[in-house]
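J.: model the following, please.
(2 chains)
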Amino acid sequence: MKKKLFALLSLLMVASLLLAACAQQPAATTEPTQAVVEPTTAPTEAPIAAPTEAPTEAPVVEPTATEVPAPAYEGQKLEAPNCDYGGNMKSMVALDEFTVQFTLCKPDPAFLAKIAVPSFPIFDADYIKEIGGDAAKLNDNPVGTGPYIVKEWVRGDHITFVPNPDYWGEAPKNKEFILKWNKEQAARLLDLQAGNVSGIAEVSAEDIPTIQADSNLKLYPRPINNFLYMGVNNTKPPFDNEKVRQAFAMAIDKQRIVDNFYAPGSVAATQFAPPGLKPGFTEGYKGTTYDPVKAKQMLTDAGFDFNAEYTLSYSERPRPYFPLPSKIAQDVQAQFAEIGVKIKLEMEEWATLLPEVRAGQKSLFFMGWSEDYPDATNWYDVFLTGSSPSFGNPFPDIVELIQKAATLGDPAERQKLYDQVNVLYDQHVPTIVIAHGTTSLAFLASVKNVVLGPYNENFDQMETDSGTLVYSQDGEPVSLYCSDETDGSSFLACRQIFDTLYNFKYGTSEVQPALAEQCSANTDGTVWTCMLRKGVKYSNGASLDANDVITSFGTMWDYNHPLRKGNTGVFQYWKDFFGPKALNEPATP
Amino acid sequence: MGRSGCPIRLFHLTSSRMIQFLTRRLLLIIPVLVGILLVTFIITRLVPGSPCYVMLGERATEESCNDFMQRFGLDKSLPEQFFRYIMNLLRGDFGMSIKDRRPITTVIAERLPMTIEITILAMLFASIAGVTLGVVSALNRNSFIDTLTMIGANMGVSMPVFWLGLLLAYLFALVLKDTPFQLPPSSRLSPGMSLVPLAKTWGLKDVSGVKAIILTFLSNSAILNSILTGNFKLLVDALRHLILPATAVGTISLAVIARMTRSSLLDVLGQDYIRTARAKGLKYSLVISRHALRNALVPIVTIIGIQTGGLLSGAVLTETIFSLPGVGSRLVEAILGRDYPVIQGFSVVIAFIFVFTNLIVDASYAYLDPRIRLK
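T.: Residues are numbered from 1 along each chain as shown, chains lettered A, B, ... in the order given. This next block holds a predicted model:
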């Protein structure tokens, strides 16, 4: 009886599952469910239509019996009705086949540096239309103008690049470039020592002596602006007291931390900006110096509770600016203990720490930053203008100066303002900058012509005996649709196959023309006109023209663009650089 | 009494009892999978953290994340999300990875072959070497060999696999560099070698659905791919790259199997029928191989089954050290990145494999020991 009942129940279960499966309409695709984004109920501006055509004037040609007049180029344009939508881009217009004009709401002295970042690649508009702007499809067949094309992407293992035969620039010097990845630094070094790879990324400080002692290997320090800081939330007592924050800044021996835990060449922070940032860094300004005795006295005078325990949060996520997270955190804890302050360390997973910090839930935390482009706006504007509640309330005197400096074109005038900001920073202490860390790459000594800059590497120009260059980084690229990516692993891959209008000269932080032969600004820096390089071909044979730029930028700018799909669909870099809002972006409920 | 020394009871695999048993066990897999799905679904969503912040990093803002969550349907209520997921799952749609928006079935088909290859090689190594060592140890009980073997087994169980993996890589890639014994310390294949998709090799176009998944699976198995395409060089390269990881991960299983073999065999060797067989004049080697070992196999097979099931869920540390694109590393990446569809999809597949492996082990008991009744 029991057996029959069991059999019956089993049959019923299977039947119900089958019925449930068959009852639904089969999905046409396996696309993720995407919410339909409704426009806001009361838009402050009229929604912009899809890119419109702005026909250029065709040259006057008298038709002869054998001549047919060339069709006029139908350049696209995209424009906002006004600048109230919350971003800095006013319009972008294809004036002719090879000329694009960008109009900004406010001057941006860092415009060229921003568009040189790999998150602004230029795609073939027709190809993007063909794939519907879908990153998943682009990953399977990326079409770009870069020195390489993708031969294969073996997920989880490697990407193989081969030279682009139609590349407009200097042809790659190697016949194959293989990008691999391994999260473990020790494993990457082992690969290098075994000759399995030609070069590796992110060499740890502890491995530097090993590499330097091996004549088969060569170390390449990489100059980059970054910093580690301790965030201090000024809405959380006792850190709402400025004297307490100043005392905390005074209590940390930054030099000791750098000497004990950082790679050679790293420096202790003396002010907010890193030494290489110009305008920004104030020469000769020492800022808050280490003085534990004075720090303790200040805390006592401020009525600080030495019996309470204060939580310092961080994530075990090694970075050039934070090479040994736990050890550095423990040292800071020990330093505070020397002046009687009890710090409780709280190590959290990155996925949980970051949202809590961004929501302003943490009093003290360690975070860091590596710059995207060489301009003060990538530092001061990001951290000190109140863009997130991580640090509590912004300081109006600091914000005013920063916002003014961001609109000026003269570096000397900007420096004067940043000099004032640097002093106010030490007074208000929104964060405590600890150190600027160096990072190093290592290659086999036999690899020739290695040139590293803060933002790129000249892989296409490196030479190996075998003609195959193999490089191991610390993570797999997420996607090759770099307009909608934020991770360095993806950017490294994108730099090989895509180009930007401008790029960074190898080994430097200078921008130079790339797909644009020249971009020039008007007097007040609000209008940038870019002349594109002629004769540039994509890897699918299509030719570069101005509409490609409009489409590539337009999908990032216009929330309602029909081809705005990407990978996450957020296009965060655009919002960071030309935002904070995208055009037609609905208001946050 | 038959040759086995115990009452004969022929038990064919095709008997109705076996069929009933297998059917019942297969049906029981369904509620197990549903349960695992439910638990995985709830746990992953209750764990703090959001995939948006992982993907966007320090650049994430509340507005961006609201948009992100909406696009991926993660702003819906949990019951609604679960219901949608189950409905899609019943149609064979495991969803898309939040990280790179690729179908989960494709991701599984790409990663599983690597894990299966490591598992098979590791378990072959562990089983053959482990059983051999266990037998030698049992037959030389309390001797120097026995002591040495068991010390080795204890060391094998105690060694952290990532340490062993790095040590093996250091030894074979660096110390033995430029010798015939050099082995590659990482990756699946040597630079320049690649797994050409079988669809491309065979000129198949517009392949989709289950066929595409099977082709992806076969293409991503370096061993099967090389056999099917007749690429001997690829086969050798793939096997060379598997030696170190299989050895690292198999060493622990070897130690466990050796200990179990010794213990089980000693138990059987003490039985009356063994003494009887010896008294009747049977050669010692025949007594061991035909009578003792076979009767000792049930617990050994159980252990092998458990170890195999465990390895098939992905040897994370080994895959990380040797940079191998297997199930374990992808699953850990998904957990840290809160890539819910990947976590759910992989959990279901791993659970199925584990349960199925146990089913095969259970079914094998009837073959190994006719005394076992299946009720």
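J.: mind listing the helices for the stretch 401-550 of chain A?
T.: Secondary structure of the stretch 401-550 of chain A by DSSP state H, counting those that start in this stretch: the helices cover A:411-428, A:488-497, A:546-557.
J.: ranges for the helices of the stretch 201-350 of chain B?
T.: Applying DSSP H, counting those that start in this stretch to the stretch 201-350 of chain B gives helices spanning B:209-220, B:222-229, B:232-269, B:272-279, B:284-286, B:293-312, B:316-321, B:327-336, B:340-368.
J.: closest one to A:Gly488 among those?
T.: A:Gly488 lies closest to helix B:327-336 among the helices of the stretch 201-350 of chain B, at 16.4 Å (CB to CB). Backbone N, C-alpha and C define where each C-beta goes, glycine included.
J.: residues from the stretch 251-375 of chain B in reach of chain A?
T.: Counting by CB under 8 Å from any CB of the partner chain, the stretch 251-375 of chain B comes close to chain A at B:Thr320, B:Ile321, B:Phe322, B:Ser323, B:Leu324, B:Pro325, B:Gly326, B:Ser329, B:Arg330, B:Leu336, B:Gly337, B:Arg338.
J.: which among these gets closest to chain A?
T.: Within those, proximity to chain A (CB to the nearest CB) peaks at B:Pro325, which comes in at 2.4 Å.
J.: check contacts around the residue of the stretch 151-300 of chain B found nearest chain A.
T.: The minimum distance from the stretch 151-300 of chain B to chain A, using CB to the nearest CB, falls at B:Ala173 (3.8 Å). By CB atoms under 8 Å, 6 or more residues apart in numbering or on different chains, the contact list for B:Ala173 reads A:Leu190, A:Gln193, A:Ala194, A:Asn196, B:Gln182, B:Leu183, B:Pro184, B:Pro185.
J.: from B:Leu239, how far out is it?
T.: 16 Å (CB to CB, to the nearest Å).
J.: equivalent analysis for B:Met123, please.
T.: 15 Å.
J.: who has more neighbours out of these two?
T.: Neighbours around B:Met123 and B:Leu239, counted as other CB atoms under 10 Å in any protein chain shown, are more numerous at B:Met123. The numbers are 23 against 15.
J.: just the element for the more buried one, please.
T.: helix B:104-139 (DSSP states H and E).
J.: show me what counts as buried in that helix.
T.: For helix B:104-139, the neighbour count (16 or more other CB atoms under 10 Å in any protein chain shown) marks B:104-123, B:125-127, B:129-131, B:133-139 as buried.
J.: ok, the strand or helix carrying A:Ile159 near chain B or not?
T.: In this assignment (DSSP H and E), A:Ile159 forms part of strand A:158-163. Yes - counting by CB under 8 Å from any CB, chain B has neighbours in strand A:158-163: A:His158, A:Thr160.
J.: run through the neighbouring helices and strands of the next helix or strand after that strand.
T.: Going down the chain from strand A:158-163, the next helix or strand is strand A:176-181, by DSSP H and E. Judged by 3 or more CB pairs under 8 Å, 6 or more residues apart in numbering or on different chains; DSSP states H and E, strand A:176-181 is in contact with strand A:158-163, strand A:468-473, helix A:488-497.
J.: hmm, back to that, does the helix holding B:Met123 reach chain A?
T.: Yes - applying CB under 8 Å from any CB, one finds helix B:104-139 in contact with chain A at B:Val107, B:Glu110, B:Arg111, B:Met114.
J.: ok, the third one touching B:Val327?
T.: I take that to be B:Arg111. Yes - counting by CB atoms under 8 Å, B:Val327 is a contact partner of B:Arg111 at 4.9 Å.
J.: near chain B, which residues of the stretch 401-550 of chain A show up?
T.: Going by CB under 8 Å from any CB, the residues of the stretch 401-550 of chain A near chain B are A:Thr468, A:Val470, A:Val478, A:Ser479, A:Thr486, A:Asp487.
J.: tell me the contacts of the fifth one?
T.: Applying CB under 8 Å, 6+ apart, we find A:Thr486 in contact with A:Ser119, A:Gln572, A:Tyr573, B:Met55, B:Leu56, B:Gly57, B:Arg59.
J.: what's the helix or strand for the third one?
T.: The one in question is A:Tyr573. Assigned by DSSP H and E, A:Tyr573 falls in helix A:572-578.
J.: could you list every helix and strand in contact with that helix?
T.: Where contact means 3+ CB pairs under 8 Å, 6+ apart, helix A:572-578 is packed against helix A:546-557.
J.: what residues does the strand holding A:Ile159 touch?
T.: Under CB under 8 Å, 6+ apart, the answer for strand A:158-163 is A:147-154, A:171-172, A:174-181, A:460, A:477, A:493, A:496-497, B:187, B:191, B:194.
J.: contact partners for the residue in the stretch 1-150 of chain B that chain A sits nearest to?
T.: Closest approach between the stretch 1-150 of chain B and chain A, counting by CB to the nearest CB: B:Gly49, at 3.3 Å. By CB under 8 Å, 6+ apart, B:Gly49 lies in contact with A:Glu349, A:Ala351, A:Thr352, A:Pro355, B:Arg338.
J.: report the buried members of those residues.
T.: A:Glu349, A:Ala351, A:Thr352, A:Pro355, B:Arg338.
J.: of all those, which comes closest to A:Phe111?
T.: Proximity of the buried ones among the contacts of B:Gly49 to A:Phe111 (CB to CB) peaks at A:Pro355, which lies at 31.5 Å.
J.: quick check: chain neighbours aside, which residue is closest to the closest one?
T.: B:Tyr53 (4.7 Å; CB to CB, 6 or more residues apart in numbering or on different chains).
J.: show me the shaky parts of the stretch 201-350 of chain B.
T.: B:314 (pLDDT under 70).
J.: try it again at 90.
T.: Counting by pLDDT under 90, the stretch 201-350 of chain B has low-confidence residues at B:201-202, B:204-211, B:252, B:267-303, B:305-321, B:323, B:328, B:332, B:336, B:347-350.
J.: how much space between A:Thr551 and A:Lys77?
T.: A:Thr551 sits 12 Å away from A:Lys77, going by CB to CB.
J.: again with A:Gln427
T.: A:Gln427 is 47 Å from A:Lys77, by CB to CB.
J.: then A:Glu510?
T.: In terms of CB to CB, A:Glu510 sits 31 Å off from A:Lys77.
J.: compare A:Thr551 and A:Lys77 (neighbour count), which wins?
T.: Remark: of A:Thr551 and A:Lys77, A:Thr551 carries more neighbours, 25 against 19, as counted by other CB under 10 Å.
J.: for the helix or strand hosting B:Leu148, enumerate the helices and strands it packs against.
T.: Using DSSP H and E, the secondary-structure element containing B:Leu148 is helix B:144-158. With contacts taken as 3+ CB pairs under 8 Å, 6+ apart, helix B:144-158 sits against helix B:104-139, helix B:232-269.
J.: name the next helix or strand following that helix along the chain.
T.: helix B:161-169.
J.: what residue in chain A comes nearest to chain B?
T.: Residue nearest to chain B within chain A: A:Gly156 (2.4 Å; CB to the nearest CB).
J.: quick revisit: quick one: which two of the residues of helix B:104-139 next to chain A are the most distant?
T.: B:Val107 and B:Met114 (12.0 Å).
J.: for the helices and strands packed on helix B:144-158, could you give me CSV that also reports distance to B:Asp206?
T.: As requested, the helices and strands packed on helix B:144-158 are exported to CSV (distance: least, CB to CB, whole Å):
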stretch, distance to B:Asp206
helix B:104-139, 16
helix B:232-269, 26
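J.: out of these, which comes closest to A:Asp253?
T.: Of all the helices and strands packed on helix B:144-158, helix B:232-269 sits nearest to A:Asp253, with 42.4 Å by CB to CB.
J.: and the angle for that closest one with helix B:293-312?
T.: With axes from the mean of the first three to the mean of the last three CA atoms, to 10 degrees applied, the angle from helix B:232-269 to helix B:293-312 works out at 130 degrees.
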